[in-house]
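**Q** test case, fold it:
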Amino acid sequence: MAATPPPAVQDSGTGRPGMAFREFVAFVAAVMATSALAVDAMLPGLPVMGQALGVVVDNDRQWIVTVYLLGLGGAQIFYGTLADRFGRRPVLLAALAIYTAAAALSGLAGSMALMLPARALQGVGAAGARVLAISIIRDRYAGRQMARVTSLAFIIFLAVPIAAPTLGQWILGYAQWWAIFFVLGGFGALVLLWTLLRLPETLHEADRLPIDAARIAGAFLATVRDRQAVGYTLAFTLIVGSIFGYLNSAQQIFSDVFHAAAFFPTAFGLTALAMVASALVNARIVGRFGMHRVSHSALLGFVAIAAVHVAFAWTGGDTLPVFMICQSVMFFCLGLIGPNFGALSMEPLGHIAGTASSVQGFVTTVGGALVGFAIGQRFDGSARPLTAGFFVFALVALAIVLVTERGRLFRQTHGAAAPPAVA
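**A** Coordinates of the predicted model:
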């Protein structure tokens, strides 16, 4: 007998029919994609952007990435509260409008003084899309159906870092650098129109919460006082920071170190593909082995490969194939670390999941952006600063996990269900 299809998404106030299941999955994936596109698509254009905007020191163009990430992380802490008070639809519409307008402003910027505020504002808009996508899924589905929607949307979302640099390179082949931002703005406008025409309000009126400073402060304190939540959030922040360091300096490495600028979009896509593969592997094995065993093993693997990469880089043996292999293996480990560290950090905070998610998203993204910027600013014409950053911060992350677990790795978690992938 064929399985009964999930019900269409209906308006929580009127009961009017909205999106069918497949459209809903595609819509959520598109909302999620806005945040990743705004970084990955413009990476190939960083050199020409720097020249056009009058950047004298090459490393300074990394600010175009970093201020976006700071806006993305900093604004997350507010969107959950606003969406719980005013509903998902109006807040998402506002966030997408900010994203679209800021993308256009970035394309029109004639100097770094204008580009950086526009990019930070684009990050603020993308933060709303990131937070609201998960909230909307949680409103409509629960249990296995929620996991199914999240997994399907995330698989589609993972195609973005694979294809986006190629898209950016293709645009540069036919237009100037500013066209990349107009394409980003066009995509944001399409998702905005899709939301306006097809997304009903998913938060029932009775479930709306007033903005209560005392309640929010209490939930915040509970989040930062829990040993497991804090430990895994900080550890993942350092791993994310090393990945942001890669985002900041990857284009320079492929262009200046390996003299393979044309290969950069393909190389970026291959490393992202490794993370897609590991996300699929994680979904199959975590239920059997548990989140602790899978994530701790992956973290040890990450540290080991980072150490090998440091050895190659500092002895002059870091060729393009070596770099690609090491990065791909570390990205594979990341796909096993991220979802499980995210689930472990949220595990003790189910009663305040919304606030906890906002706080952890803020810490992970803002902290990771600062760590990544510190790594990227050390670029000296070689891959050594990046490899050292991966190794040092992964080692510190391992130390934090050891302290969090009181020296006991690989604890068995009986009956662990596969955590949803972290977008």
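**Q** low-confidence bits of the stretch 201-350 of the chain, can you list those?
**A** 350 (pLDDT under 70).
**Q** which parts of it are strands?
**A** For the stretch 201-350 of the chain, strands defined by DSSP state E, counting those that start in this stretch do not occur.
**Q** could you pull out the helices in it for me?
**A** Under the criterion DSSP state H, counting those that start in this stretch, helices of the stretch 201-350 of the chain are mapped to 213-225, 227-252, 264-289, 291-314, 320-346.
**Q** what's the third one packed up against?
**A** Helices and strands touching helix 264-289, by 3 or more C-beta pairs under 8 Å, 6 or more residues apart in numbering; DSSP states H and E, are helix 143-157, helix 159-174, helix 227-252, helix 291-314, helix 320-346. (Glycine included, C-beta is placed from N, CA and C.)
**Q** can we see that at 7 Å?
**A** helix 159-174, helix 291-314, helix 320-346 (3 or more C-beta pairs under 7 Å, 6 or more residues apart in numbering; DSSP states H and E).
**Q** what are the buried residues along the longest helix along the chain?
**A** Taking DSSP state H as the criterion, the chain has its longest helix at helix 112-140. Neighbour-count burial for helix 112-140 flags 112, 115-140 (criterion: 16 or more other C-beta atoms under 10 Å).
**Q** and if you look at stretch 384-397?
**A** So stretch 384-397, judged by 16+ other C-beta under 10 Å, has buried residues 384-391, 393-397.
**Q** give me the low-pLDDT residue ranges for the stretch 51-200 of the chain?
**A** Along the stretch 51-200 of the chain, segments meeting pLDDT under 70 span 143-144, 147, 151.
**Q** repeat that for 80
**A** For the stretch 51-200 of the chain, the stretches with pLDDT under 80 are 138, 142-148, 150-159.
**Q** name the helices or strands packed onto the longest helix of the chain?
**A** By 3+ C-beta pairs under 7 Å, 6+ apart, helix 112-140 packs against helix 21-40, helix 63-86, helix 88-108, helix 143-157.
**Q** save those helices as CSV, and put in mean neighbour count too.
**A** As requested, these are exported to CSV (neighbours: other C-beta atoms under 10 Å):
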stretch, mean neighbour count
helix 21-40, 22
helix 63-86, 22
helix 88-108, 22
helix 143-157, 17
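**Q** closest one to Arg208 among the ones you listed?
**A** Arg208 lies closest to helix 63-86 among these, at 6.1 Å (C-beta to C-beta).
**Q** pick the most deeply packed of the helices and strands packed on helix 264-289.
**A** The highest mean neighbour count among these, using mean count of other C-beta atoms under 10 Å, belongs to helix 320-346: a mean of 23.
**Q** I'd like the next helix or strand past it.
**A** Sequence-wise, the next helix or strand downstream of helix 320-346 (DSSP states H and E) is helix 353-376.
**Q** could you figure out how far that next one is turned away from helix 227-252?
**A** 40 degrees (axes from the mean of the first three to the mean of the last three C-alpha atoms, to 10 degrees).
**Q** other SSEs contacting helix 353-376?
**A** Against helix 353-376 (3+ C-beta pairs under 7 Å, 6+ apart) you get helix 63-86, helix 213-225, helix 227-252, helix 320-346, helix 384-404.
**Q** now that helix and helix 112-140, what's the angle there?
**A** Using the same axes, to 10 degrees, helix 353-376 lies at 150 degrees relative to helix 112-140.
**Q** what's the neighbour count on Leu270?
**A** Neighbourhood size, Leu270 [other C-beta atoms under 10 Å]: 15.
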